[in-house]
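Enquirer: Got a sequence here, can you model it:
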Amino acid sequence: MGRPREFDEDEVLKAAGEVFWSHGYEGTSTRDLTNCTGLTPASMYNAFGDKRGLYVRSLEHYLKTILHERIARLDALGSPARAIAGYFREVIDRSLSDPEHRGCMLVNTALAATPDDPELQRLVADETAAIERFFHRQILAGQKSGELPRQQSADDLARMLLAVVMGLRVLVRVRPDAALLEGLARPALAMLNIPWPRGKRSAR
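Expert: Numbers count the residues shown, from 1 in each chain. All right, here's what the predicted structure looks like:
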């Protein structure tokens, strides 16, 4: 049997993820990673293979603890309108409350992904598809129950909502303005007759 790891993997992945999220893959050095995790270079490479391996694992940890948790929590609400509105409200509130305005680690990865790394591209594609599926099942459920209008296809509406979310996440990095972000989200929700939920940072 190999020696047990002498570090908390979740804590290491969280710490590394924060640095990657702030500086991006290319802008993060091995020294940055050893400083934030407390691991030696040898321990880091033994555990995760290389810098890219640590990046992928950190991204997966981010997705599990933020994106997947959000989707599961909103799925459990039992109200498609509240689930969809809650997704947008939470994305905007979290984006604006981040003092670094880093946007979304998934979206930042999508913007930096290249054809040279098809595995990473597939990971990003699969996760954006998961967001689209969340919107799709909420819309279908709402249309079936009568909570949401049926004039447009659930497929098209889910893709439209995904596009708005991706755009919000990019814009917040350079224009972290509540009025701008809410102005993008409100018309999208209005197409589904969903009122805009006011939040802590709602534009007055």
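Enquirer: What ranges does this structure have for its helices?
Expert: 9-23, 30-37, 41-48, 51-62, 69-75, 80-97, 105-112, 118-145, 154-171, 178-190 (DSSP state H).
Enquirer: For the third one, buried residues please.
Expert: Neighbour-count burial for helix 41-48, counted by 16 or more other C-beta atoms under 10 Å, picks out Ser43, Met44, Ala47, Phe48. For glycine as for every other residue, the C-beta is placed from the backbone atoms N, C-alpha and C.
Enquirer: Next: the first one.
Expert: By neighbour count on 16+ other C-beta under 10 Å, the buried set for helix 9-23 is Val12, Leu13, Lys14, Ala15, Ala16, Gly17, Glu18, Val19, Phe20, Trp21, Ser22.
Enquirer: Does anything pack onto that helix? Which helices or strands?
Expert: Contacts defined by 3 or more C-beta pairs under 8 Å, 6 or more residues apart in numbering; DSSP states H and E place helix 9-23 against helix 30-37, helix 51-62, helix 105-112.
Enquirer: Can you tell me which helices and strands the lowest-mean-pLDDT helix or strand in the chain packs against?
Expert: Least confident helix or strand of the chain, by mean pLDDT, DSSP states H and E, is helix 41-48 with a mean of 91. Applying 3+ C-beta pairs under 8 Å, 6+ apart, we find helix 41-48 packed against helix 30-37, helix 51-62.
Enquirer: Quick one: mean pLDDT for the longest one?
Expert: By that I understand helix 51-62. The average of the pLDDT scores along helix 51-62 is 95.
Enquirer: before we move on, back to that, now tabulate the helices of the chain in a markdown table and tack on distance to Trp196.
Expert: Below are the helices of the chain laid out as a markdown table (distance: least, C-beta to C-beta, whole Å):
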| stretch | distance to Trp196 |
| --- | --- |
| helix 9-23 | 28 |
| helix 30-37 | 38 |
| helix 41-48 | 42 |
| helix 51-62 | 27 |
| helix 69-75 | 16 |
| helix 80-97 | 7 |
| helix 105-112 | 22 |
| helix 118-145 | 16 |
| helix 154-171 | 13 |
| helix 178-190 | 5 |
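Enquirer: right, and these - which one's nearest Pro197?
Expert: helix 80-97 (4.8 Å; C-beta to C-beta).
Enquirer: Show me where this structure dips below the pLDDT cut-off.
Expert: Per-residue confidence for the chain (pLDDT under 70) gives these ranges: 1-5, 199-204.
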